[in-house]
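Participant: Quick one, what's the 3D model for this:
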Amino acid sequence: MVALPRARSSRRAILNQDQRIRLDGVTLPISQSDLCESAYDAGAIGFLAKFLVQTTLPHRRQRGSHYTRTDGRFTLRISDVGGAGLPYGSYPRLILIWMTSEAIRTASRELELGASLSRFMAELGLQATGGHWGTIPRFRDQMQRLVGAAISASWDSNTEGHHVAAGENLLLADRFQLWWTPQILPAAPPPTSSITLSANFFEQLVAAPVPLDLRAVRVLKQSPLALDLYSWATRRVSYLERPTLISWEALRRGFGAGYADTSQGRAKFRARVLDALGRVCRVYSALRLEIEDGGVLLLPSAPHIPRIAR
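Facilitator: The predicted structure follows:
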């Protein structure tokens, strides 16, 4: 049982060491994780760039060609420069995890996607299905949105009485060649699909990336909010030294794209966060947190991916 020096709220959900959640006096069991083998031993280590964990992509389709999210003094802006629209949902998040992991593994800006879309999707734990509502058209659409995006990351600070504004403008890809295998195979195999990351984007991907367990990513892949909160919590507790309350407003600024800034919109966002955190706790059983009226209280926890002694 988590012990705190004083009660901060009469209404809270507590993640206990016996892996049960208590909410308003009702106890709900959390199923034991099947992730008994370490991610290192299972060969299931993946990575996501730190700046993509701090603030996130849209969860739903966005109007227009620009998207902005802010976390404290950090602001992420995404622009559609390729004309396909802004990326959104789970698929571009999975693609970015793959890109970061592959860039680190190969130490190269040239990423080979494989001879077919189906093979690449299988690597991400996705079943390839055709048709208007199948996964292939939706995955292809999000891939094209992503490679046509430009990212602007900026931050400001006050240092010795001076206001400092800094940032970087990142084009995701210098060039790309994407071949989509039709249901009827062509006479000759198509060339290999590939993406050449821009030099600046590549540097951001490999600079202090956040390690993830790809088995957890596959479990959470249907929920973009759960993917976001898993990556965020993994990074945040890696340097957490004392209980820290993250207010609902701070969470909404970072993860609440598409939720109205009204009492109804905030209540809906809070309910979605509670559901997503429940999913995260099922795959990351060592994560310790409390849900309070004021926000989410993160407690020092064992990292999901333990550091390897050098």
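Participant: For the rest of this, base every contact and every neighbour count on C-alpha atoms.
Facilitator: Will do.
Participant: Just give me the neighbour total for the residue nearest to Ala216 when sequence neighbours are not counted.
Facilitator: Once flanking residues are discounted, Ala216 sits nearest to Val283: 5.7 Å by Cα to Cα, 6 or more residues apart in numbering. By the criterion of other Cα atoms under 10 Å, Val283 has 23 neighbours.
Participant: ok, now Asn200?
Facilitator: 14.
Participant: Correct me if wrong: it contacts Leu170.
Facilitator: Yes: with contact defined as Cα atoms under 8 Å, Asn200 reaches Leu170; the gap is 6.1 Å.
Participant: what stretches of the stretch 1-150 of the chain score poorly on pLDDT?
Facilitator: Confidence mapping of the stretch 1-150 of the chain against pLDDT under 70 gives the ranges 1-36, 115-117.
Participant: hmm, who's touching stretch 58-73?
Facilitator: 54-56, 75-81, 85-90, 155-157, 224-225, 250, 253-254, 257-258 (Cα atoms under 8 Å, 6 or more residues apart in numbering).
Participant: Could you report the separation of Pro92 from Ser301?
Facilitator: 29 Å (Cα to Cα, to the nearest Å).
Participant: Check which element follows the strand or helix carrying Leu76 along the chain.
Facilitator: According to DSSP states H and E, Leu76 maps onto strand 74-80. The helix or strand immediately downstream of strand 74-80 is helix 90-106, counting by DSSP H and E.
Participant: got the CA positions of the next helix-or-strand element following that next one in PDB?
Facilitator: The first helix or strand that comes after helix 90-106 along the chain, using DSSP H and E, is strand 110-114. Listed next in PDB are the C-alpha coordinates belonging to strand 110-114 (Å, rounded to 0.1, in the frame of the first residue of the first chain):
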ATOM      1  CA  GLU A 110      18.300   5.500 -44.700                       C
ATOM      2  CA  LEU A 111      15.500   3.300 -43.400                       C
ATOM      3  CA  GLU A 112      14.400   0.200 -45.400                       C
ATOM      4  CA  LEU A 113      10.700  -0.500 -45.000                       C
ATOM      5  CA  GLY A 114      10.700  -3.900 -46.700                       C
END
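Participant: Please find the angle between the direction vectors of strand 110-114 and helix 90-106.
Facilitator: 120 degrees (axes from the mean of the first three to the mean of the last three Cα atoms, to 10 degrees).
Participant: What ranges in the stretch 151-300 of the chain fall below the confidence cut-off?
Facilitator: 180-190.
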